[in-house]
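Enquirer: output the structure for:
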Amino acid sequence: MKRTPKINTIRNIGIIAHIDAGKTTVTERVLYYTGKSHKIGEVHDGEAVMDWMPDEQERGITITSAVTTCRWHQTDIQLIDTPGHVDFTIEVERSLRVLDGAVGVFCAVGGVEPQSETVWRQADKYRVPKIAFVNKMDRIGADFFNAVDEIKTRLNAQPLVLQIPVGAEDRFAGVIDLIRMQRIVWDDDSLGAAFDTTSIEAAADPQVQAYREQLLETLAENDDDIMEAYLAEEEIATARIQAAVRRATIDLKLVPVLCGSALKNKGVQPLLDAVVDYLPSPLDIPPITGVDPQSSAAIECPPKETAPLAALIFKVAMMEGRKMSFARVYSGKLTAGEEVYNPSRQKKERVSRLLVMHANKRERIEVAGAGGIVGIVGLKASSTGETLCDAQQPVLLEDIEFYQPVISVAIEPKTHADQEKLEQVLGKFLEEDPTLKVKIDEDTGQTILSGMGELHLEVITHRMQREFNTHVNVGKPQVVYRETIELASTGGAVFDKEIAGQKHYGNLTLRLVPQSRGAGNRFVNELASDKLPEDTVAAVEAGVMESLESGTLMGYPVVDVRVDLIDGEYRDALGTELAFKVSASMAVKEALRQGQPFLLDPIMRVEVFVPETFMGEVIGDLNARGGKIESIDHRMGIQAVAASVPLARMFGYSTALRSATQGRGTFSMHFSHFDRN
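Expert: Numbers count the residues shown, from 1 in each chain. The predicted model follows:
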């Protein structure tokens, strides 16, 4: 039976970065050097252990976050390799929600790329301490110090340089450790497993001396203990410096920066040392706080196995046809075979089996203690973002925010057999992926699949065929718009009908008021407290919010509207909740029609990287697509053009960009906001 690690020896970390920065390559080296795997799997060969899905192996990208556990210097590292492509950002979001630390991987050539910014901000949102690893130091154009500057300027972080590279590009050989004052050079013949370490004197190299001094100065500014020793010009011991780096990292004051080339097997072992030395164990971060489902009183969940159970399901996956729930245990312990309580659904669930994961492989365990990240088999009703706890001491942890889809395709089954399977298959995908939405178009009878981007929907339709043998015809991608109104308007409705022998009566007047972009929808009751009963007002609000899910223009959700309840008539014995819910829905539709409704486009944040020679063509094309140029930055021989462009005008852009730049331009795109085009 696998032992349960001590909580102070656990590091729950994620590998986060822009697509193609080398996250999975770094992870593969981590698994090799920790002895978890005995062969280095390469992404470009489709053999990476963590990219186990066929679609990932074919495309050479990470699509789903994969969990693994390995051991380094008596420390258990529970590691999640996350996707870098913007279409799969939810995988990063829900992983960061349950992690204690993160390693941000940056390309030494590209520096801080757009998706790197996105995932870094996600980590900031959950107050996750971070280490930065500047990868690809062997590439032509690699510039470690430029990448450090961009971490400071673009991420608003305070980098703490712990290493500087020995050489760069094809001369990159190793690193200089500024804390231990050692030169580390890797042996190419041993796949990076062997390296030579030699002590150096700062005075012998002006650059080393300058960066060692900068390291101590930055630490002194953020740590009183180092400040005293620094001002007294004492010799500061390595252990004392490391303790100060650890404190500053966990307190989110500083971001330690290391460098290497994962593909050339250089720099990964010191990165593992840094994870152990500077990132927190579950004991080093404040206990997570939940609420009592009944009283909403705050409940602290300390990371102790003796405390009541509190665990959060952060991901659901269908593996080999079975539902696997991934959970982080915050306090107490999960035991195989025992019942747990889900307060969101007010249901008890049985934990059939507990598994320690290694990508798509697994190892059975009997108990998972506080700090553990495990796979659970046997949960039928529970879903992503829901809490598992003790029925006698229930607690509700904060849910995970999900993104709204921006693009849709119509799908239809190819055969009658596919028709029978389609609903069941879509149900499995919906349970697995909260950013995926399915609806039936009432006018055409088509099944509309909505997601985060073209690649997202393409992967889903491929998986339907490959994993479930369900074949579908797919229509052209369509933009998912939002609707709102131009003018304040009023709508009234009377519902007076007899249903199943009972009379129902509801009479309402509502006012709709447009709000600023991004303000969301809000319901305001302006009636005196004796005008309508409390449960009736709740039914009105439910009817209003339900009605706003589908507008009057093209059936898209209505956003940024305040709905005021300004009048209503209640009749005893006839004023049912059903009547007021229906009349609220009718009144909203009436007011929407009067308010001059219009569509809001999904606006994308686009960043184009292009040689200066082709700048004119690229900017002209973006302007022709209705784009607004926001900035132009010069970087390492190329220009980075940032713009906001309506998604509807971006279809086919990759082909147009290649054509305009002779194949030398690249771009990235992610959703920014909804606005009028």
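Enquirer: how about the longest strand seen in the chain: buried residues?
Expert: Counting by DSSP state E, the longest strand found in the chain is strand 597-611. Within strand 597-611, the residues scored as buried using 16 or more other Cβ atoms under 10 Å are 597, 599-610. Glycine gets a C-beta too; all of them are placed from N, C-alpha and C.
Enquirer: equivalent analysis for stretch 569-580, please.
Expert: Residues of stretch 569-580 classed as buried by neighbour count (16+ other Cβ under 10 Å): Y570, G575, T576, E577, A579, F580.
Enquirer: how about JSON lines for those, with distance to A542, secondary structure and pLDDT added?
Expert: Below are the buried residues of stretch 569-580 laid out as JSON lines (distance: Cβ to Cβ, whole Å; DSSP: H, G, I helix; E, B strand; the rest coil; pLDDT from 0 to 100):
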{"residue": "Y570", "distance to A542": "17", "secondary structure": "coil", "pLDDT": "87"}
{"residue": "G575", "distance to A542": "15", "secondary structure": "coil", "pLDDT": "78"}
{"residue": "T576", "distance to A542": "13", "secondary structure": "coil", "pLDDT": "85"}
{"residue": "E577", "distance to A542": "8", "secondary structure": "helix", "pLDDT": "85"}
{"residue": "A579", "distance to A542": "13", "secondary structure": "helix", "pLDDT": "88"}
{"residue": "F580", "distance to A542": "9", "secondary structure": "helix", "pLDDT": "90"}
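Enquirer: and the strands in the stretch 51-200 of the chain?
Expert: Secondary structure of the stretch 51-200 of the chain (DSSP state E, counting those that start in this stretch): strands at 66-72, 75-81, 101-107, 130-135, 159-161, 163-166, 174-177, 182-186, 195-199.
Enquirer: format those strands as a markdown table; extra columns: mean neighbour count.
Expert: Shown next, in a markdown table, are those (neighbours: other Cβ atoms under 10 Å):
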| stretch | mean neighbour count |
| --- | --- |
| strand 66-72 | 21 |
| strand 75-81 | 24 |
| strand 101-107 | 26 |
| strand 130-135 | 27 |
| strand 159-161 | 22 |
| strand 163-166 | 23 |
| strand 174-177 | 23 |
| strand 182-186 | 19 |
| strand 195-199 | 11 |
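Enquirer: if we can go back for a sec, which of the buried residues of strand 597-611 lies closest to K347?
Expert: The shortest gap between K347 and any of the buried residues of strand 597-611 belongs to P602, at 36.3 Å (Cβ to Cβ).
Enquirer: I'd assumed F674 was in contact with the closest one.
Expert: Yes. Using Cβ atoms under 8 Å, P602 makes contact with F674 at a distance of 5.8 Å.
Enquirer: now do the shared contacts for these two.
Expert: Listed contacts common to P602 and F674 are Y481, R482; contacts here mean Cβ atoms under 8 Å, 6 or more residues apart in numbering.
Enquirer: and G111, bridged to which residues?
Expert: For G111, the residues forming beta bridges with it (DSSP bridges) are C107.
Enquirer: ok, it to A142 distance?
Expert: Distance, G111 to A142, using Cβ to Cβ, to the nearest Å: 10 Å.
Enquirer: sorry, back to before: using a markdown table, lay out the buried residues of stretch 569-580 together with distance to I184.
Expert: What follows is the buried residues of stretch 569-580, written out as a markdown table (distance: Cβ to Cβ, whole Å):
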| residue | distance to I184 |
| --- | --- |
| Y570 | 78 |
| G575 | 78 |
| T576 | 76 |
| E577 | 70 |
| A579 | 76 |
| F580 | 72 |
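Enquirer: which two from the residues you listed end up farthest apart in space?
Expert: Farthest-apart pair in those is Y570 and E577; separation 11.4 Å (Cβ to Cβ).
Enquirer: give the residues shared as contacts by these two.
Expert: Taking Cβ under 8 Å, 6+ apart as the criterion, Y570 and E577 both touch T536.
Enquirer: follow-up on the earlier one: which one of the strands of the stretch 51-200 of the chain lies nearest to I10?
Expert: strand 75-81 (5.2 Å).
Enquirer: got the angle between that closest one and strand 101-107?
Expert: 50 degrees (axes from the mean of the first three to the mean of the last three Cα atoms, to 10 degrees).
Enquirer: now the helices: where do they sit in the stretch 551-677 of the chain?
Expert: Secondary structure of the stretch 551-677 of the chain (DSSP state H, counting those that start in this stretch): helices at 577-594, 615-624, 653-660.
Enquirer: I'd like the ones you listed as CSV, with distance to M545 appended.
Expert: Listed next are these as CSV, based on distance: least, Cβ to Cβ, whole Å:
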stretch, distance to M545
helix 577-594, 9
helix 615-624, 38
helix 653-660, 36
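Enquirer: and which of the buried residues of stretch 569-580 is nearest to Q662?
Expert: Ranked by distance to Q662 (Cβ to Cβ), the buried residues of stretch 569-580 are led by F580 at 64.1 Å.
Enquirer: is that closest one in contact with L510, as I believe?
Expert: No. F580 is beyond contact range of L510, at 11.3 Å (criterion: Cβ under 8 Å).
Enquirer: which residue lies farthest from the center of the protein?
Expert: What lies farthest from the middle of the chain is G501; by Cα atoms, centre = their mean that is 51.3 Å.
Enquirer: any idea how far A579 is from it?
Expert: According to Cβ to Cβ, G501 stands 15 Å off from A579.
Enquirer: same check, this time on I184
Expert: Separation of I184 from A579 (Cβ to Cβ) stands at 76 Å.
Enquirer: and G518, how many residues sit next to it?
Expert: 10 (other Cβ atoms under 10 Å).
Enquirer: how close does the residue most central in space within the chain sit to A310?
Expert: By Cα atoms, centre = their mean, the chain has its centre lying nearest to E93, at 2.1 Å. According to Cβ to Cβ, E93 stands 20 Å off from A310.
Enquirer: same question for stretch 374-382: list its buried residues.
Expert: Applying a neighbour-count criterion of 16+ other Cβ under 10 Å, one finds V374, G375, I376, V377, G378, L379, S382 buried in stretch 374-382.
Enquirer: repeat that for stretch 325-344.
Expert: Neighbour counts over stretch 325-344 (16+ other Cβ under 10 Å) mark 325-336, 340-344 as buried.
Enquirer: off-centre distance for it?
Expert: Here stretch 325-344 is found 23 Å from its chain centre; the criterion is Cα atoms, centre = their mean, to the nearest Å.
Enquirer: that one - what's its average pLDDT?
Expert: Averaging pLDDT along stretch 325-344 yields 90.
Enquirer: what sits opposite L449 in the beta ladder?
Expert: Taking DSSP bridges as the rule, L449 bridges to V409, V438.
Enquirer: check L334 too.
Expert: Taking DSSP bridges as the rule, L334 bridges to A368.
Enquirer: that one and R345, how far apart?
Expert: L334 sits 18 Å away from R345, going by Cβ to Cβ.
Enquirer: just T75 next, same as before
Expert: Distance of T75 to R345, computed by Cβ to Cβ: 36 Å.
Enquirer: quick one: the helices in the stretch 151-300 of the chain?
Expert: 206-222, 224-231, 238-250, 268-278.
Enquirer: out of these, nearest to F195?
Expert: Ranking those by distance to F195, with Cβ to Cβ as the measure, places helix 268-278 first at 7.1 Å.
Enquirer: how far does the closest one sit from its chain's centre?
Expert: Mean-position distance between helix 268-278 and its chain equals 24 Å (Cα atoms, centre = their mean).
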